[in-house]
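Trainee: sequence? don't have it. structure:
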């Protein structure tokens, strides 16, 4: 028996979608522990879901089963897949790139199948909710120990959809990247990593100018959120090693008016 | 030992209401699994809660205990009830119709009691939060195996409040119904069923005009959400067999400006 | 083995923060039951979090472990603490007052330590997310039975930060207090208690005038929410014995335009 099932989706908590997936899992594998990683992925935002799943799986242990449901293509020919990773965890979800950042972070794929509905007990699969009808049953059966070859027919890993995150560009004194997420506190996560800060020469204490197409603010590179005064901007490395623009006790995203995908330029402040 | 407890409410997740109900259940029946179906029922919306509970119980198995808390009449003379259904599951909540769509879907009532607070260990019942003081304890005792006759005094099933959902009217070329729900994606669930589509002759591929008192749009009958282009409207059968108006990767409800209860007319497009 | 872990935070459910804390706990103490009390504490609102934690712990039983994460000072010199209370439960979180209303309600402190990261297996502690790196591991180890003296070095309880809630002032015919919270239904919780109602002589049925700096409404003292007509205001004692201004089936806070901290004057209506 493996576990836990690590469940991420864009289904939200307003409706009964997530609860029903829990019920389906509980009937197949009543002893499996399901952890709700987040159901607040913006609707249909495969990349945001993929990042969350990768972040979560890093803390889930080698027996975990990632279950991802961000599935705008439900009911079409896109595959339902189960993937086994080199680091141990399994991943279950649609073949639309949602699982790909997690498998990359978990050492790559050691086996993959397209789910056979009959194998996971799904005699009736709707065209509108594979979360309930296919992915939740598959995750439950994986967690209950069903081997890969019984779950469906093998798929060549190279045939699976994978996301490519565009890296930031860094040179001395400059970073050019993009907004990859805005969290509940309004912190702005950029497509930049600590190595980019190093390449740019932005050490702790350095003052930079952070510009979008619409606005520009000054921020000091800091270590902790409270290293700036309330309302001031700071630049720090967040809990998953992304460069973030923050505003202590305020929303940096609201202050700068950015949303995901916006390009951002960071330069040494004059 | 039965289970799981399937918990639906309008209590929201902002406050500690739901968490406290979990704690109360855990003290009485520590081994019972509680699944949060949804706590996003619009405040005081008994019908929306009733539909969610019925949808959820369909996937919960014969030993499940439905716990519903949408209770604008808390502290008044309305009864607190436990109901046993023909299909097996139990239902616990206020006698205001909230449980009635579930018991109808579960084959009807085979026994019902008005909860005796003392029987479920509630020595102090507030006038403001029966979820904590009465319904959660009752659900926990039911899940832990307490027989119906020990939970309180019998009530004649015909005396219990039941909701009547108004059916849509369908004739060849026309359906007249109403909005019964709008989900997190902005999909509009109507009071119409696949049988109404059949009666109207709206087959997959048929183009219809969907009108409210304020607006009118054209939609094609489709099978999967992505059978229309992003932004276009479609009409499909949703995951619980309701006719829905959707907009792929956009909110149909925002586009049409509807809310629950609005009348909707569907006609063959000219 | 103690439990459950009662988890309250301002981390929200949009991101993966809360789910990752669950995963961290599950790896250390897989059999421990974690109850999400609420993650909807307004960002950085230590007082709101402290009240929720105190409310929740009252229902959690003597073996519970309160885990509080509202931590604007993460990465600074503020201590990470574990506290044992006279009533039995343990509390884990930052030393910023968040735990103090709970320990006061649980009979006071019988022992406290500053958490040693190594003791809870945290070899790498970020400056930005002690919830994941320190508090969740500490709560898991406490729930799994680690004794206080192994968790870190003793702290003098009198050295810990404690919140002081300002009491309302009551005299015959008058109460002066403040808004301490607004819940999901728009009910306004005041800093007044049943004893203040008694001192003011506001019995059930009494009509009062409730004034802020901006507006004033009339409300009858009632017992249950539905003791007024929809839209009318009422004043009642809520589920945690706070005086609240409510509007049946409507938001009192929206109607009066108040937010937390606003002063409120209640006087016998003329």
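Mentor: Now that the structure is in, tell me what you want to look at. These figures come from a predicted structure and were not determined experimentally. Numbering: from 1, shown residues only, chains lettered A, B, ... in the order given.

Trainee: Compute the first-to-last residue distance for stretch A:154-174.
Mentor: Separation of the first and last residues of stretch A:154-174 by Cα to Cα, to the nearest Å is 46 Å.

Trainee: typo on my end, it should be stretch A:59-76
Mentor: Taking Cα to Cα, stretch A:59-76 runs 33 Å from one end to the other.

Trainee: From the chain's centroid, how far away is that stretch?
Mentor: Distance of stretch A:59-76 from its chain centroid, counting by Cα atoms, centre = their mean, to the nearest Å, is 10 Å.

Trainee: How about stretch A:79-95?
Mentor: Using Cα atoms, centre = their mean, the offset of stretch A:79-95 from its chain centre is 14 Å.

Trainee: Can you give me the buried ones in that stretch?
Mentor: In terms of neighbour count (16 or more other Cβ atoms under 10 Å in any protein chain shown), stretch A:79-95 has its buried residues at A:79-85, A:87-95. C-betas here are computed from N, CA, C, even on glycine.

Trainee: now stretch A:206-222
Mentor: For stretch A:206-222, by 16+ other Cβ under 10 Å, it's A:206, A:208, A:210-212, A:217, A:219-222.

Trainee: so what's whichever residue of the stretch 51-200 of chain A sits closest to chain C up against?
Mentor: Here the stretch 51-200 of chain A gets closest to chain C at one residue, residue A:184, 3.7 Å apart by Cβ to the nearest Cβ. If you count contacts by Cβ atoms under 8 Å, 6 or more residues apart in numbering or on different chains, residue A:184 has them with C:11-12, C:14-15, C:43.

Trainee: 7 Å instead?
Mentor: Residue A:184 makes contact with C:12, C:14-15, according to Cβ atoms under 7 Å, 6 or more residues apart in numbering or on different chains.

Trainee: Near chain C, which residues of the stretch 1-150 of chain A? Just list them.
Mentor: Residues of the stretch 1-150 of chain A found near chain C (Cβ under 7 Å from any Cβ of the partner chain) are A:4, A:6, A:13, A:33, A:35-38, A:40, A:52, A:55-56, A:59-61.

Trainee: try it again with 8 Å
Mentor: A:4, A:6, A:8, A:13, A:33, A:35-40, A:52, A:55-56, A:59-61, A:64 (Cβ under 8 Å from any Cβ of the partner chain).

Trainee: filter these down to the ones near chain B?
Mentor: residue A:13.

Trainee: Restricted to strands, list the residues of the stretch 1-150 of chain A next to chain C.
Mentor: Under the assignment DSSP state E, the residues of the stretch 1-150 of chain A next to chain C contribute A:6, A:8, A:35-38 to strands.

Trainee: quick one: which of those residues is nearest residue B:112?
Mentor: Using Cβ to Cβ, residue A:36 comes nearest to residue B:112 of those, at 33.6 Å.

Trainee: The closest one: how many residues sit nearby?
Mentor: 22 (other Cβ atoms under 10 Å in any protein chain shown).

Trainee: tell me the contacts of it?
Mentor: Residue A:36 touches A:7, A:18, C:13, C:19, C:22, counting by Cβ under 8 Å, 6+ apart.

Trainee: same thing with residue A:239?
Mentor: With Cβ under 8 Å, 6+ apart, residue A:239 has these contacts: C:17, C:126, C:128-129, C:132.

Trainee: Tell me the secondary structure at it.
Mentor: coil (DSSP: H, G, I helix; E, B strand; the rest coil).

Trainee: SS state for the nearest residue to residue A:228 once chain neighbours are set aside?
Mentor: Setting aside the residues directly before and after it, residue A:228 is nearest to residue A:234 in space (Cβ to Cβ, 6 or more residues apart in numbering or on different chains), at 4.2 Å. State at residue A:234, reduced to three classes by three-state DSSP: strand.

Trainee: Cheers, nothing more for now.
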